[in-house]
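Q: Sharing a sequence plus its predicted fold:
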Amino acid sequence: MRVGRTALLLVDMQVVWMYSASGTDNDYFTHRNATVAVPNQMRLLQTARQMGVDVLHTIIRSLRSDGRDRSLDHKLTPIHIAPDDPQGAIIAELSPIKDEIVLPKTSSGVFNSTNIDYLLRNLGTDHLIVAGQLTDQCVDMAVRDAADRGYRVVLPEDACATYTAARHHAALTAFGGYCMVTNTDDVIHRMKEIMPHE
């Protein structure tokens with residue numbers, strides 16, 4: 001990682017997605033978000049801000065109120081978060097500050113339905129830290145698509161969540177050469193050690 005060449009991407013950490021379908025506070029997904037993923041994302045975000053690492057947030061949000069701009073997958077699922085729906089906001093713990101980029105996407109893959117590749121290249125990014133949810137869906141697509149475009153991807157697995165432990169671990173196993181799977185402590189250490197490129 002290098003100063004000015006590294007970015008942190010937080011995937012879909014929105015109010016609407018913070019609970020599983022059961023709606024209970026003690027299911028695996030809700031508990032992991034509350035006690036593991038979100039606290040670690042907060043630590044990553046704080047360190048990124050301290051170290052001058054660029055921060056980008058993705059959110060699932062339709063660009064039209066009727067959702068006609070969504071991907072076919074989101075139409076069939078159906079997933080539709082209108083532009084003015086407050087449930088689509090990023091959770092308060094991770095709320096963006098000045099100069100952090102928020103990218104509304106209308107598909108699972110951020111590289112498919114936003115201009116993130118254009119932005120990252122303009123920012124001079126070649127190392128991308130990815131965290132968020134779901135590990136085996138939108139995070140998975142961000143990791144694979146970024147790697148295919150030549151970014152060196154780092155995934156702190158304890159800053160990611162999905163609906164079951166089995167799904168989480170299956171996704172990590174499948175990442176293979178797409179990214180370096182590590183943990184939040186390691187990523188924070190790496191961010192604090194980055195030096196300007198000469």
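A: Yep, it's here. Numbers count the residues shown, from 1 in each chain.
Q: Please make it C-alpha for all contacts and neighbour counts, starting now.
A: Noted.
Q: who touches stretch 150-170?
A: Residues outside stretch 150-170 that contact it (CA atoms under 8 Å, 6 or more residues apart in numbering): 20, 28-29, 32-33, 36-41, 125-136, 143, 146-147, 172, 178-184, 187.
Q: Buried residues of it, list them for me.
A: 151-163, 167-168 (16 or more other CA atoms under 10 Å).
Q: what does stretch 180-198 give?
A: Counting neighbours by 16+ other CA under 10 Å, one finds that the buried residues in stretch 180-198 are 180-181, 183-184, 187-188, 191, 194.
Q: Using JSON lines, please lay out these together with pLDDT.
A: JSON lines is the format used below for the buried residues of stretch 180-198 (pLDDT from 0 to 100):
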{"residue": "180", "pLDDT": "96"}
{"residue": "181", "pLDDT": "96"}
{"residue": "183", "pLDDT": "98"}
{"residue": "184", "pLDDT": "98"}
{"residue": "187", "pLDDT": "97"}
{"residue": "188", "pLDDT": "96"}
{"residue": "191", "pLDDT": "93"}
{"residue": "194", "pLDDT": "74"}
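Q: ok, which pair from these is furthest apart?
A: Within the buried residues of stretch 180-198, two members stand farthest from each other by CA to CA: 181 and 194, at 18.4 Å.
Q: Break down this structure into its strands, ranges please.
A: In the chain, the strands defined using DSSP state E lie at 6-11, 54-60, 101-105, 127-133, 152-156, 160-161, 180-182.
Q: Outside of the lowest-mean-pLDDT helix or strand in the chain itself, list whatever touches it.
A: For the chain, the helix or strand with the lowest mean confidence is helix 72-76, at a mean of 84 (criterion: mean pLDDT, DSSP states H and E). Identification of contacts with helix 72-76 by CA under 8 Å, 6+ apart yields 80, 106-107.
Q: One more: stretch 92-101?
A: So stretch 92-101 is in contact with 13, 38, 41-42, 45, 54-57, 90, 102, going by CA under 8 Å, 6+ apart.
Q: try 6 Å
A: Stretch 92-101 is contacted by residues 55-56 when judged by CA atoms under 6 Å, 6 or more residues apart in numbering.
Q: what's the average pLDDT for it?
A: Averaged across stretch 92-101, the pLDDT comes to 97.
Q: Which positions in the least confident helix or strand of the chain come out as buried?
A: Using 16+ other CA under 10 Å as the burial criterion, the residues of helix 72-76 that qualify are residue 74.
Q: so where's the protein uncertain?
A: In the predicted model of the chain, residues 1, 3, 20-26, 195-198 satisfy pLDDT under 70.
Q: just the helices in it please.
A: For the chain, the helices defined by DSSP state H cover 28-32, 38-51, 72-76, 110-113, 116-123, 138-148, 165-175, 184-193.
Q: can I assume residue 109 is in contact with residue 141?
A: Yes. With contact defined as CA atoms under 6 Å, residue 109 reaches residue 141; the gap is 5.3 Å.
Q: out of the two, which sits in the more crowded spot?
A: Counted by other CA atoms under 10 Å, residue 109 and residue 141 do not tie: residue 109 has more neighbours, with 21 against 18.
Q: Please tell me how far that one sits from residue 98.
A: Using CA to CA, to the nearest Å, residue 109 is found at 25 Å from residue 98.
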